[in-house]
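# Need a 3D model of the following:
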Amino acid sequence: MLYYWLYPLRDFFYGFNVFRYITFRAAGAAVTAFLISILLAPWIIRQLDRFKIGETIRRRHVPTLYPLHANKEGTPTMGGILIVTAIVISTLLWADVFNKYILLVLASIIWLGIVGFIDDYIKLTSERSRGLRVITKLAGQTILGLLVGIYLLYGSGAKGIIEIPFLKNLLINLGYFYIFYAALVIIASSNAVNITDGLDGLAIGCVIIAALTYSIMSYVAGNVNFSGYLRVFYVPGSGELTIFCAAIAGAGLGFLWFNSYPASIFMGDTGALALGGAIGAVAILIKKELLLVVVGGVFVIEALSVILQVASFKIRGKRIFKMAPLHHHFQLNGWPESKIIIRFWIIAGIFAILSLATLKLR
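So this is what the prediction gives:
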């Protein structure tokens, strides 16, 4: 909104011309989202405490892990409300609110935030419940993914095209299958972040790194000169997604201030599902969804550890890891929680650097 309010005033004072630059507005969005998170967090934590909306550690579900997590009992959860609020407000303030891609990602993060909120609410209000049934949660994610896929197939110039990383000018048109492909990407990214959200600050730290990476990629994809030089798919208007990704990073940093070990608040499914889905949506919109495997390498590894663990137990009757997701395996091996978190952040940073390198390795 500031873009429409202040940029026209450049005729009266040249200083307002800075609002035309995506980089300036992205920085503004990041700082705004950070400040909203920092300033609102104490009040939200108090309110969650007041209404006894805290984490429940179920001994019967994870008896081997319970001693390591018993001290987290009662920690305020559903902090995703704070993250989503900061991202939405910041994006509305600094981005072009009439940009179709901005409207799409805002709808995505709000939709999945609601799905996550319902899931958290059921967990908290029903002592024996583990939240929404898997099929119900998948239905909520699938509906969003299909709608995004349909829009991109029929409402954009891309027409079901995907870009192959590392290979110059290699594009594949999936046609109608693109709708299901888009749904799969959003479902996978949303659930992968949710799986990773098991230690204080682990998921949000990796989300910040992924968001910053996609912020750079969005800027390149939306800039005709940079995209032409690097031979990446040019998506007109997608540069505004730089601002949205910067808002995710800013809100994430503000949340991490309180979510770092030992956490004063957890994001819950409200935040994890929303953030994962939002990053997946951005990846699809700028044609960098296949790079999610690298950008979100930590999320992929965490999700794969669960898949392999379940498959191994059903086929061989044996477990590969002491516990899945992978971060719990290291916990049970005696690694301090803070060390696991920081090492996973380091790995996430390396994956981010590798993914950015692919922009030139074509």
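# Tell me the predicted confidence for the residue in the chain sticking out farthest from the centre.
Using CA atoms, centre = their mean, the residue of the chain lying farthest from its centre is residue 12. It sits 39.8 Å away. With respect to pLDDT, residue 12 has a value of 83.
# From residue 80, how far off is it?
41 Å (CB to CB, to the nearest Å). For glycine as for every other residue, the C-beta is placed from the backbone atoms N, C-alpha and C.
# One more: residue 181?
Residue 181 sits at a distance of 27 Å from residue 80 (criterion: CB to CB).
# more neighbours, these two?
Neighbour count, other CB atoms under 10 Å: between residue 181 and residue 80, residue 80 has more, with 28 against 18.
# Verify the contact between residue 261 and residue 336 for me.
No - Residue 261 is beyond contact range of residue 336, at 9.1 Å (criterion: CB atoms under 8 Å).
# Between those two, which is the more surrounded one?
Taking other CB under 10 Å, residue 261 and residue 336 do not tie; residue 261 has more neighbours (15 against 11).
# And the helices in the stretch 151-300 of the chain, which stretches?
Assigned by DSSP state H, counting those that start in this stretch, the helices in the stretch 151-300 of the chain fall at 177-196, 202-221, 224-230, 241-259, 268-285, 292-295, 297-316.
# in the stretch 1-150 of the chain, which spans are helices?
With helices called from DSSP H, counting those that start in this stretch, the stretch 1-150 of the chain shows them at 2-6, 22-50, 66-69, 80-94, 100-125, 134-155.
# so which of these is the most packed in?
Among these, the stretch with the highest mean neighbour count (mean count of other CB atoms under 10 Å) is helix 80-94, at a mean of 25.
# what's it packed up against?
The helices and strands touching helix 80-94, judged by 3 or more CB pairs under 8 Å, 6 or more residues apart in numbering; DSSP states H and E, are helix 2-6, helix 22-50, helix 100-125, helix 241-259, helix 268-285.
# now do 6 Å
In terms of contacts (3 or more CB pairs under 6 Å, 6 or more residues apart in numbering; DSSP states H and E), helix 80-94 is packed against helix 22-50, helix 100-125, helix 241-259, helix 268-285.
# Mean pLDDT and distance to residue 361 added to those, as a markdown table?
Below are the helices and strands packed on helix 80-94 laid out as a markdown table (pLDDT from 0 to 100; distance: least, CB to CB, whole Å):
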| stretch | mean pLDDT | distance to residue 361 |
| --- | --- | --- |
| helix 22-50 | 97 | 24 |
| helix 100-125 | 95 | 26 |
| helix 241-259 | 98 | 22 |
| helix 268-285 | 97 | 18 |
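# now those helices in CSV, with distance to residue 232?
As requested, these are arranged in CSV below (distance: least, CB to CB, whole Å):
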stretch, distance to residue 232
helix 22-50, 17
helix 100-125, 16
helix 241-259, 14
helix 268-285, 13
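# among those, which is nearest residue 94?
Nearest to residue 94 among those is helix 22-50 (4.0 Å), distances taken as CB to CB.
# which secondary structure elements does the closest one contact?
helix 80-94, helix 241-259.
# With distance to residue 152 as added columns, please give those in TSV.
Converted to TSV, those look like this (distance: least, CB to CB, whole Å):
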stretch	distance to residue 152
helix 80-94	20
helix 241-259	14
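# of all the ones you listed, which lies closest to residue 163?
Once the helices and strands packed on helix 22-50 are compared by CB to CB, helix 241-259 is nearest, at 15.6 Å.
# Can you give me the buried ones in the closest one?
Across helix 241-259, burial judged by 16 or more other CB atoms under 10 Å covers 241-256, 258-259.
# for residue 194, what are its contacts?
272-273 (CB atoms under 6 Å, 6 or more residues apart in numbering).
# Recalculate using a threshold of 7 Å.
Residues in contact with residue 194, defined by CB atoms under 7 Å, 6 or more residues apart in numbering, are 269, 272-273, 276.
# again with residue 208
By CB under 7 Å, 6+ apart, the residues touching residue 208 are 249, 252-253.
# Could you report the neighbour count for residue 316?
A count of nearby residues for residue 316, using other CB under 10 Å, gives 9.
# oh, and call the first residue 16 from now on, that's how I've got it
Sure, I'll start counting at 16 from here, so that last one is residue 331.
# now residue 202, nearest residue through space, not along the chain?
Nearest non-adjacent residue to residue 202, counting by CB to CB, 6 or more residues apart in numbering: residue 156, 4.6 Å away.
# which residues does that neighbour contact?
With CB under 7 Å, 6+ apart, residue 156 has these contacts: 127, 130, 201-202, 205, 292.
# what do you get for residue 274?
By CB under 7 Å, 6+ apart, the contact set of residue 274 is 94, 215-216, 219, 280-282.
# How about it: what's its closest non-neighbour residue?
Distance criterion CB to CB, 6+ apart; nearest residue to residue 274, sequence neighbours excluded, is residue 216 at 5.1 Å.
# for this protein, what helix or strand is lowest in average pLDDT?
Lowest mean confidence among the helices and strands of the chain (mean pLDDT, DSSP states H and E): helix 81-84, at a mean of 66.
# Quick check: which ranges of this structure have low pLDDT?
Scanning the chain for pLDDT under 70 picks out the ranges 72-83, 85, 142-144, 172-173, 183, 377.
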